Structures are given as C-alpha cells and as structure tokens.
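Visitor: Need a 3D model of the following:
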Amino acid sequence: MISKDEILHVAELANLKLKNDEVDNFVSQLGKIVDMESNLASVNTDGVEPTYNMGDTSTTFREDKGIRTQTREQMFENVPESEDNLIKVPTIVDKEDDE
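Guide: Next comes the predicted model:
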C-alpha cells in the first residue's frame, strides 16, 4: 500500500503543491494501481511470446504533395513584421566578438 508520506515525498521531488484531500485521493488511486500490478504479476505467462510493439508495424506510403491552404498575402496579414517578402523574427542567439 502506498503511504501518505510516500505521496508527499514524490510531490516534493516533482515540486508539486498538493492539498490534503488531493494527497488522500492519490493514496487511494495509486494504491489501486499497485494492487492491479500485483494481480498482473501473478498471471502465468509461460510460453507466451513477448509483445515488443503494440502499434501496427506496416507502413502506408502515400505521395508527398504540398497542399496550399493560404496565399502568401493571406499569410503575411498575420505577420507582425516582414522585410523583402520574408518574415522577420527576433534574434535569439547573439554572437559575441570575444568568444
């Protein structure tokens, strides 16, 4: 069973602020999850092939075609600043002369 102290410890590690009723709720919910895992661990799986991938492994190929949904003019209506038909964005990396 998961204890209230364990929930509070994990919440502190995750920098979560939980209310008392939330802590009690997590104790109950995580206790149920741990119990369910215990039930699954007791299932005899001898002779069962492991499942390594739950998704469909076949690939559906399609032609890669660009679809235009807006004209350049429509797109530039939403741009705060442009120059020479290009979108201007703020500089995020400064090169320093000393480095």
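
Visitor: Please count neighbours and contacts with C-alpha atoms only from this point.
Guide: Noted.

Visitor: center of this protein - which residue?
Guide: Geometric centre of the chain, nearest residue: residue 14, 15.8 Å, by CA atoms, centre = their mean.

Visitor: What separation do you get for that one and residue 7?
Guide: The span separating residue 14 from residue 7 equals 11 Å under the rule CA to CA, to the nearest Å.

Visitor: what about residue 12, neighbour count?
Guide: Other residues lying near residue 12 total 12 when counted by other CA atoms under 10 Å.

Visitor: packing partners for the helix or strand hosting it?
Guide: Applying DSSP states H and E as the criterion places residue 12 in helix 4-13. Using 3 or more CA pairs under 8 Å, 6 or more residues apart in numbering; DSSP states H and E as the contact criterion, the secondary-structure elements in contact with helix 4-13 are helix 20-41.

Visitor: quick one: the helix it packs on to helix 4-13, angle?
Guide: When axes from the mean of the first three to the mean of the last three CA atoms, to 10 degrees is applied, the directions of helix 20-41 and helix 4-13 differ by 110 degrees.
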